[in-house]
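>>> model this:
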Amino acid sequence: MMPTTKPIALPGESLLRARGIGVRRDDRQILASVDIEVHAGEVLALVGPNGAGKSTLLSVLAGDLHAEHGTVELLGRGIQTYRPLELARRRAVLTQSNAVSFPFRVIEIVSMGRSPWLRVSDLADDQKAIVQAIEATDIEHLLHRRFTSLSGGEQARVSLARVLAQTTPIVFLDEPTAALDLRHQEDVMRLSRTLASEGRAVVVVVHDLSLAAAYANRIALLHDGRLDAVGTPHDVMTAERVGRVYGLDVQIHHLGPDARPIVLPVRD
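Numbering: from 1, shown residues only. Okay, here's the model as predicted:
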């Protein structure tokens, strides 16, 4: 079971809208004129080569980074107008870094996800959300371990549990599968689909194109800071487009009942 939150929109309804997003760092254009929407009930995967701007775009959409150009509206309101606590009740963010300065126990880390709801939710609601997040991420056996003693993959799953316990309508995940083994990569993406089926929106940065295509409702392909294409996996994942963006010849195979694309590099 997953932590649940009351649906705030109908499936397909826009929860977040970004227009003309532009970001520069050290005289380098990281993002340029990016327009994108996030819909209730979907998993939106952000993919692209290293340096394409995926994590930067996710940070802008989540309200953690202010873009020099463009606007982001969350639930019809400018994202920069939200107070931090308001924002934390509407979206949760898993960053690439899972660093924790103090040796908290795992159960304490997961419980931190309930911080935005202090004095708002009942203790029973908090406990239910925490238990469901723990079960969903397969970390029951880690609860009394120190976070700093865990492997990278274990830390990633604990951090994801904290995000799930926050129970927000929108969830942002930056490379959540990077440190995980094959089974837990599948678990995380399957979890994303479950969240979306509950009416939430999940925006996830993924490097594995086949994994993204297997689980995402839509894929946004970034190239040199611009949105090269956005649409269904079938529409976006063509051999010509992927080869051009990544600078590598690829083959696209379609397997499974819904013919999801699998991307394979052409090797000698």
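>>> hey, C-alpha coordinates of stretch 222-239 in CSV?
Extracted C-alpha coordinates of stretch 222-239, given in CSV (Å, rounded to 0.1, in the frame of the first residue of the first chain):
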residue,chain,number,x,y,z
LEU,A,222,15.8,17.4,-23.3
HIS,A,223,18.8,18.3,-25.5
ASP,A,224,21.2,21.2,-24.8
GLY,A,225,18.7,22.9,-22.5
ARG,A,226,15.8,22.7,-24.8
LEU,A,227,12.7,20.5,-25.0
ASP,A,228,13.4,18.4,-28.1
ALA,A,229,10.1,16.4,-27.8
VAL,A,230,7.4,15.5,-25.3
GLY,A,231,4.7,12.9,-25.8
THR,A,232,4.1,9.2,-25.3
PRO,A,233,7.1,6.8,-25.2
HIS,A,234,6.1,5.5,-28.6
ASP,A,235,6.0,9.0,-30.1
VAL,A,236,9.2,10.2,-28.5
MET,A,237,11.5,7.2,-28.6
THR,A,238,12.3,6.9,-32.3
ALA,A,239,15.7,5.6,-33.5
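>>> Could you pull out the buried residues of it?
Leu222, His223, Gly225, Leu227, Asp228, Ala229, Val230, Pro233, Val236, Met237 (16 or more other Cβ atoms under 10 Å). (Each C-beta comes from the backbone N, C-alpha and C, glycine too.)
>>> next one: stretch 176-183
Those would be Pro176, Thr177, Ala179, Leu180, for stretch 176-183 by 16+ other Cβ under 10 Å.
>>> With distance to Val60, secondary structure and pLDDT added, can I get the buried residues of stretch 222-239 in a markdown table?
Listed next are the buried residues of stretch 222-239 as a markdown table, based on distance: Cβ to Cβ, whole Å; DSSP: H, G, I helix; E, B strand; the rest coil; pLDDT from 0 to 100:
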| residue | distance to Val60 | secondary structure | pLDDT |
| --- | --- | --- | --- |
| Leu222 | 12 | strand | 98 |
| His223 | 17 | strand | 97 |
| Gly225 | 12 | coil | 95 |
| Leu227 | 13 | strand | 97 |
| Asp228 | 18 | strand | 97 |
| Ala229 | 19 | strand | 97 |
| Val230 | 16 | strand | 97 |
| Pro233 | 24 | helix | 95 |
| Val236 | 21 | helix | 96 |
| Met237 | 24 | coil | 95 |
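>>> Pipe the buried residues of stretch 176-183 into JSON lines and attach pLDDT, secondary structure and distance to Arg91 per row.
Shown next, in JSON lines, are these (pLDDT from 0 to 100; DSSP: H, G, I helix; E, B strand; the rest coil; distance: Cβ to Cβ, whole Å):
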{"residue": "Pro176", "pLDDT": "93", "secondary structure": "coil", "distance to Arg91": "15"}
{"residue": "Thr177", "pLDDT": "91", "secondary structure": "coil", "distance to Arg91": "20"}
{"residue": "Ala179", "pLDDT": "84", "secondary structure": "coil", "distance to Arg91": "23"}
{"residue": "Leu180", "pLDDT": "89", "secondary structure": "coil", "distance to Arg91": "23"}
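>>> so which pair among those residues is furthest apart in space?
The span of those, defined through Cβ to Cβ, is set by Pro176 and Ala179 at 8.9 Å.
>>> shared neighbours of these two, anything?
Common contact partners of Pro176 and Ala179 (Cβ atoms under 8 Å, 6 or more residues apart in numbering): Ala156.
>>> OK, contacts around the closest residue to Leu87 other than its chain neighbours?
With Cβ to Cβ, 6 or more residues apart in numbering as the criterion, Leu87 has its nearest non-adjacent residue at 5.4 Å, and that residue is Gly63. Taking Cβ under 8 Å, 6+ apart as the criterion, Gly63 is in contact with Val72, Leu74, Ile79, Gln80, Tyr82, Leu87, Arg91.
>>> separation between Gly63 and Leu16?
Remark: distance between Gly63 and Leu16 (Cβ to Cβ, to the nearest Å) = 10 Å.
>>> what residues are shared contacts of these two?
Common neighbours of Gly63 and Leu16 (Cβ under 8 Å, 6+ apart) are Val72, Leu74, Ile79.
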